[in-house]
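Novice: Predicted model and sequence follow; I will ask about them next.
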Amino acid sequence: MTPKIRTARTLRTSREKKRSEEIMPSPFVTNGTVVYGSYRLKEVICNDRSPCCRLVELYAKMGLHRYNLLKGENYQFVCVQKYHYRLILAPSTYFITVVATDPSTSLPQTFHIRIEEDRHAAFILKCNISRIQGEFNKFDGGLCYPGNMPEWPTEDPFDNGKRFYVLNDSELQDNEWIRLYLELAVTKHLSTQMDPDLSELKIVNAAIDIQVLNEGLNAINATVYISYKDSCEARVGKDVDRIAIVRRNFDERTGCFTLMGMHQSSETIPKKGANQSEAGVGKDVDNIRRSYSKHTSCQETGFECRKNVQES
């Protein structure tokens, strides 16, 4: 993907847009349809009679993940109370009011979260607002430039201890954001579904670039590889063994937190063989990645997933 060039003109226009948004009615505290800049925002109330769709719940969890990552907290998602979104078919923006709890106190908190889709049917998401209601956060409200899509590795990330760290079972359980990343990748990459069936996803392994491990698994900037099985025949056919790649990035200057990635068949990942020796795996990361090619498009369906006949 060609990176966006930030010229003086585009930066000036972006700053003017941000200033104009600051004096508009906040969608977080306004009821009903809101005129926000040059577009209208529709309000959706979520309750037991009208549950929130899966996509917006995933967006809410992404916003909480940003807050926890930056603040060192562990707030857990409870529910979406309401959200506003742009009434357009193109990439939309969501203003979400979320209830979450701190496990140490069990007290509920109301969060305001903004998620912006960068393009249609693609896993490129930007979050520049995630805060407790009434709280001031110096990182909130900045401009977002997502950067480049991650590229597929040239070797198996789950069989190379020099480049990648493979998480153990307890680490997979303790880091719930790995499941979130997988569900976002499956929901957004080449898909426009609002309520996908994600019940057939099973994580097998997860690995992270070893270059960021000095900051721990919760490094602000990281690339994560997730090996998983997807038994949803309507989505992947018989190709149940999959791999997802997700890059997270945080720009301290703008406060923009981005998640982007994709998924494909695990058969496309090279395995270590006679033509791949240990001597070659220690090269610099930037020199051994290759550009990703077009991947098999997913099949859209409104029906529930059907399990494949053969399961492991």
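Specialist: Sure thing, it's come through. Numbering: from 1, shown residues only.
Novice: so where do the helices sit in the chain?
Specialist: According to DSSP state H, the chain carries its helices in the segments 8-22, 54-71, 169-174, 177-188, 233-236, 285-288.
Novice: Least confident of the ones you listed, on average?
Specialist: Here the lowest mean pLDDT among the helices of the chain goes to helix 285-288, at a mean of 32.
Novice: and the residue nearest to the spatial centre of the chain, bridged to which residues?
Specialist: With distances taken as Cα atoms, centre = their mean, residue 259 lies nearest the centre of the chain, 4.1 Å away. Beta-bridge pairing for residue 259 (DSSP bridges): residue 125, residue 248.
Novice: ok, residue 203 touching residue 173?
Specialist: No - applying Cβ atoms under 8 Å, one finds residue 203 not in contact with residue 173, separated by 10.0 Å. Just so you know, the C-beta spots here come from the backbone N, C-alpha and C atoms, and that holds for glycine as well.
Novice: So those two - more neighbours on which side?
Specialist: residue 203 (15 against 11; other Cβ atoms under 10 Å).
Novice: what's near enough to touch that one?
Specialist: 172, 178, 179, 182, 226, 227, 228 (Cβ atoms under 8 Å, 6 or more residues apart in numbering).
Novice: measure it to residue 235 for me?
Specialist: Using Cβ to Cβ, to the nearest Å, residue 203 is found at 16 Å from residue 235.
Novice: which residues does the spatially closest residue to residue 158 that is not a sequence neighbour bridge with?
Specialist: Using Cβ to Cβ, 6 or more residues apart in numbering and skipping the chain neighbours, the partner closest in space to residue 158 is residue 205 (4.8 Å). Note on residue 205: beta-bridge partners by DSSP bridges are residue 227.
Novice: dump the residue contacts of residue 205.
Specialist: Residue 205 touches 158, 166, 167, 226, 227, counting by Cβ under 8 Å, 6+ apart.
Novice: Identify the residues contacting residue 244.
Specialist: Counting by Cβ under 8 Å, 6+ apart, residue 244 touches 181, 182, 185, 186, 225, 226, 228, 261, 262, 263.
Novice: Sorry, wrong one. I was asking about residue 43.
Specialist: Shown in contact with residue 43 (Cβ under 8 Å, 6+ apart): 27, 31, 32, 33, 34, 82, 83, 84.
Novice: Recalculate using a threshold of 6 Å.
Specialist: Residue 43 is in contact with 32, 84, counting by Cβ atoms under 6 Å, 6 or more residues apart in numbering.
Novice: swap in residue 80?
Specialist: Counting by Cβ under 6 Å, 6+ apart, residue 80 touches 46, 52, 56, 57, 60, 98.
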